[in-house]
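> quick one, fold the following:
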Amino acid sequence: MRARVPRRRGVVEDPLRTLRGAVDSFRLSPGEFLFREGDEGNCMYVVLEGSLDLMVGDVVVETLGDGGIFGEMALIDDSPRAASALVKTACRLVSVDRKRFHLMVDTNPSFSTHVMKLMADRLRHMNQLFIAERKR
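Numbers count the residues shown, from 1 in each chain. Down below sits the predicted model:
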């Protein structure tokens, strides 16, 4: 049984506009995993079209759509992926490595603040899930 905790966050318009025409975008089909919990990571991703679920174990902790940003922790540390990314509907994505990330921050400094707020929001959400699970 797969538990579901609906959320739709992680959306910021500037990267979507900046990256919409990216020639290095790629497509994935429903049911494909972009990465799995525990995989090595060296980039984050932006959803240009479609939707995907972020899962910890078999629990969907977040659903992302157009403009969604995820995998950002890979740009901060060298730890394995903390979640899996499973495609829900046909997706077009673009990866953002450290070099591209720094360029985005240089051209739009508020982008780094947005990513930090996104990470803080995800941490708070995971804390709420943990507390709710302990109360069961």
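> off-centre distance for the helix or strand containing D106?
Using DSSP states H and E, D106 sits within helix 98-107. Once both centres are worked out by C-alpha atoms, centre = their mean, to the nearest Å, helix 98-107 turns out to sit 17 Å from its chain's centre.
> what residues sit buried inside it?
100-101, 104 (16 or more other C-beta atoms under 10 Å). In short, each C-beta sits where N, CA and C put it, glycine included.
> max-length helix in the chain?
helix 110-135 (DSSP state H).
> quick check: next helix or strand after the helix-or-strand element of the chain with minimal mean pLDDT?
Least confident helix or strand of the chain, by mean pLDDT, DSSP states H and E, is helix 13-19 with a mean of 62. Going down the chain from helix 13-19, the next helix or strand is strand 26-28, by DSSP H and E.
> neighbouring strands - and their directions - for that next one?
strand 84-97 (antiparallel) (DSSP bridges).
> relative to helix 98-107, how tilted is the partner strand?
70 degrees (axes from the mean of the first three to the mean of the last three C-alpha atoms, to 10 degrees).
> okay, buried residues for strand 84-97 please.
Neighbour-count burial for strand 84-97, counted by 16+ other C-beta under 10 Å, picks out 84-87, 91-96.
> for it, list the C-alpha coordinates in PDB.
What follows is strand 84-97, C-alpha atoms only, in PDB (Å, rounded to 0.1, in the frame of the first residue of the first chain):
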ATOM      1  CA  SER A  84      13.000   8.800  -5.500                       C
ATOM      2  CA  ALA A  85      11.500  10.700  -8.400                       C
ATOM      3  CA  LEU A  86       8.800   8.800 -10.200                       C
ATOM      4  CA  VAL A  87       7.200  10.200 -13.400                       C
ATOM      5  CA  LYS A  88       3.400  10.500 -13.200                       C
ATOM      6  CA  THR A  89       2.600  12.100 -16.500                       C
ATOM      7  CA  ALA A  90       4.900  12.500 -19.500                       C
ATOM      8  CA  CYS A  91       7.600  14.900 -18.500                       C
ATOM      9  CA  ARG A  92      10.100  17.300 -20.100                       C
ATOM     10  CA  LEU A  93      12.900  18.100 -17.700                       C
ATOM     11  CA  VAL A  94      16.200  19.900 -17.600                       C
ATOM     12  CA  SER A  95      19.100  19.200 -15.300                       C
ATOM     13  CA  VAL A  96      20.900  22.000 -13.500                       C
ATOM     14  CA  ASP A  97      24.500  21.100 -12.500                       C
END
